[in-house]
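>>> give me a model of this one.
(one chain, ligands or ions: 2)
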Amino acid sequence: MPSTGPDSVRKLVRIAVGVLRRANGDVLIAQRPDGKEAAGWWEFPGGKIEAGESVEQALHRELREELGIQLQSARRLIVLRHAYPDKTVELDTWLVERWQGDPQSLEDQALAWSSLGRLGDYRLLPADGPILNALRLPSQYLITPPDISADELVRRLPALPTDALLRLRLPRLADVGYRRLAGQVAECWAVERLVLDRDPALSAALGAGWHASEAALFELAQRPSGASGRMLGSCHGAKSLARARELGFDAAVLGPVRPTPSHPSAPTLDWSAFGALAADAGLPVYAIGGVGPSQLAVAWQAGAQGVAGISAWFGGE
Ligand SMILES: Nc1nc2c([nH]c(=O)n2[C@H]2C[C@H](O)[C@@H](COP(=O)(O)OP(=O)(O)OP(=O)(O)O)O2)c(=O)[nH]1
Ligand SMILES: [Mg+2]
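Ligands and ions are numbered 1, 2, ... in the order given. You can find the predicted model right below:
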């Protein structure tokens, strides 16, 4: 939050939000009933965190009061702030995959299970865009070692987690070779989880995502058109996160959160600084720098979308 300006005088209302997700990927949404503010808009169940309550306690209580279910386990999905004309809300949003009981409408709210693809058919509250991106994006963002050969990469693909984004970061490969390799990888890796970092037109042609360097975020006049997949940017602090958000990017990568073998003495963010920046970012943020799947729980707790990097998946550096 900025320390000056309208936000500092405006109320910050903290909300615990639960996204119930079924095994088939459908999520539960509720329509705010007549008589409530923002009546008619759809939202994820939840409500205000009361004084003295933790977010987890508020989540348990709200899901019990609104849906009559008993939450069994949840993990943080994203924390985001949104300024409405009269107040700023902080949506501390949790993914709930285990609960007891069938959700019922206990507050006159209509309920619907929706696939992610169909959520756009509902008029969701204006703050909720980044929650949808967080739901669509995986928890792991793999980046290729800079000098891996095409053959070696293709050979290793089957051993990588398939539900992950994979960025082809090959700074020393000429465009022609890069293009050929991207085409080859696209045949055995889902293009919607493939991220390229050359001409955005190449991403667009393949249906892949695109990754911008921190410098590129400031050089771009607008979000490149045509790159139909995921659009991500590298960030080291609040300024570049704000820029990624302003450009309409889908997610950012922020770090380093821990020392890496290649930059052992570079300054790092700790998890609490990471969490504070991510909560202000207004888009899903991956943690990078000395992290891998074994830090996922810590990263989620800090409000990260997940973890990104090279060594934890490809070894060495
Ligand atoms: N639960 C929920 N609230 C959201 C979402 N998106 C969003 O902008 N909000 C805003 C709308 C409201 O201003 C606020 C939630 O407050 P609320 O009035 O529903 O809180 P509550 O359930 O405790 O309701 P009440 O007892 O005060 O009537 O957060 C969302 O997806 N879920
Ligand atoms: Mg509510």
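
>>> pLDDT on stretch 105-117, on average?
Taken as a whole, stretch 105-117 carries a mean pLDDT of 97.

>>> does ligand 1 have contacts with that stretch?
No - Stretch 105-117 lies out of reach of ligand 1 by C-beta under 6 Å from any ligand atom, never closer than 7.9 Å. To be clear about C-beta, it is placed using only N, CA and C from the backbone, and glycine gets the same treatment.

>>> which positions within that stretch qualify as buried?
By neighbour count with 16 or more other C-beta atoms under 10 Å, stretch 105-117 contains the buried residues 109, 111, 114.

>>> what of stretch 21-39?
In stretch 21-39, residues buried by neighbour count (16+ other C-beta under 10 Å) are 21, 26-32.

>>> so residue 39 touches residue 32, yeah?
Yes - because the distance of 5.3 Å satisfies C-beta atoms under 8 Å, residue 39 is recorded as touching residue 32.

>>> what residues does the stretch 51-200 of the chain put near ligand 1?
In this structure, the stretch 51-200 of the chain approaches ligand 1 at residues 82, 89, 91, 125, 127-128, judged by C-beta under 6 Å from any ligand atom.

>>> compare those and tell me which is most surrounded.
residue 91 (24 neighbours; other C-beta atoms under 10 Å).

>>> what residues are up against that one?
With contacts taken as C-beta atoms under 8 Å, 6 or more residues apart in numbering, residue 91 has the following neighbours: 15, 17, 46, 78-82, 127-128, 131.

>>> now the one helix or strand it maps to - C-alpha only, CSV.
Secondary-structure assignment from DSSP states H and E places residue 91 in strand 88-100. Included here for strand 88-100 are C-alpha records, laid out as CSV according to Å, rounded to 0.1, in the frame of the first residue of the first chain:
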residue,chain,number,x,y,z
THR,A,88,-10.0,-1.0,-0.5
VAL,A,89,-10.4,-4.8,0.0
GLU,A,90,-7.6,-7.2,0.6
LEU,A,91,-8.7,-10.6,-0.7
ASP,A,92,-6.7,-13.3,1.2
THR,A,93,-7.7,-16.1,-1.2
TRP,A,94,-7.4,-19.8,-0.4
LEU,A,95,-7.7,-22.9,-2.6
VAL,A,96,-10.0,-25.5,-0.8
GLU,A,97,-9.9,-29.0,-2.2
ARG,A,98,-11.1,-31.0,0.8
TRP,A,99,-14.2,-30.3,2.8
GLN,A,100,-17.1,-32.2,4.5
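
>>> partners of that strand in the sheet?
Partners of strand 88-100 in the sheet, by DSSP bridges, are strand 12-20 (parallel), strand 70-83 (antiparallel).

>>> which residues does the residue in the chain that ligand 1 sits nearest to bridge with?
In the chain, no residue comes nearer to ligand 1 than residue 47, which is 2.3 Å away by C-beta to the nearest ligand atom. According to DSSP bridges, residue 16 are recorded as the beta-bridge partners of residue 47.

>>> number of residues surrounding the closest residue to residue 241 other than its chain neighbours?
In space, not counting the residues next to it along the chain, residue 241 is nearest to residue 281; the distance is 4.3 Å by C-beta to C-beta, 6 or more residues apart in numbering. Other residues lying near residue 281 total 25 when counted by other C-beta under 10 Å.

>>> separation between the residue nearest to residue 207 when sequence neighbours are not counted and residue 166?
Nearest-residue entry for residue 207: residue 191, 4.5 Å, with adjacent residues in sequence omitted and distances by C-beta to C-beta, 6+ apart. With distances defined as C-beta to C-beta, to the nearest Å, the gap from residue 191 to residue 166 amounts to 10 Å.

>>> who's more crowded, the two?
Comparing residue 191 with residue 166 by neighbour count (other C-beta under 10 Å), the higher total belongs to residue 166, at 26 against 18.

>>> OK, contacts around that one?
The neighbours of residue 166, taking C-beta under 8 Å, 6+ apart as the test, are 142, 144, 160, 185, 189, 193-195.

>>> what's the per-residue pLDDT of the residue most central in space within the chain here?
The centroid of the chain falls nearest to residue 284 when counting by C-alpha atoms, centre = their mean (2.9 Å). For residue 284, the model assigns a pLDDT of 98.

>>> which helices and strands does the helix or strand where residue 205 lies pack with?
Counting by DSSP H and E, the element that carries residue 205 is helix 200-206. When contacts are defined as 3 or more C-beta pairs under 8 Å, 6 or more residues apart in numbering; DSSP states H and E, helix 200-206 packs onto helix 175-186, strand 194-196, strand 209-212.

>>> list the buried residues for the first one?
Going back to what we said before, that points to helix 175-186. By neighbour count, and taking 16+ other C-beta under 10 Å as the criterion, the buried residues in helix 175-186 are 178-179, 181-182, 185-186.

>>> over to stretch 167-176?
For stretch 167-176, a neighbour-count test (16+ other C-beta under 10 Å) marks 167-170, 173 as buried.

>>> in helices, which of the residues you listed fall?
Secondary structure of these is defined by DSSP state H; no position falls in helices.
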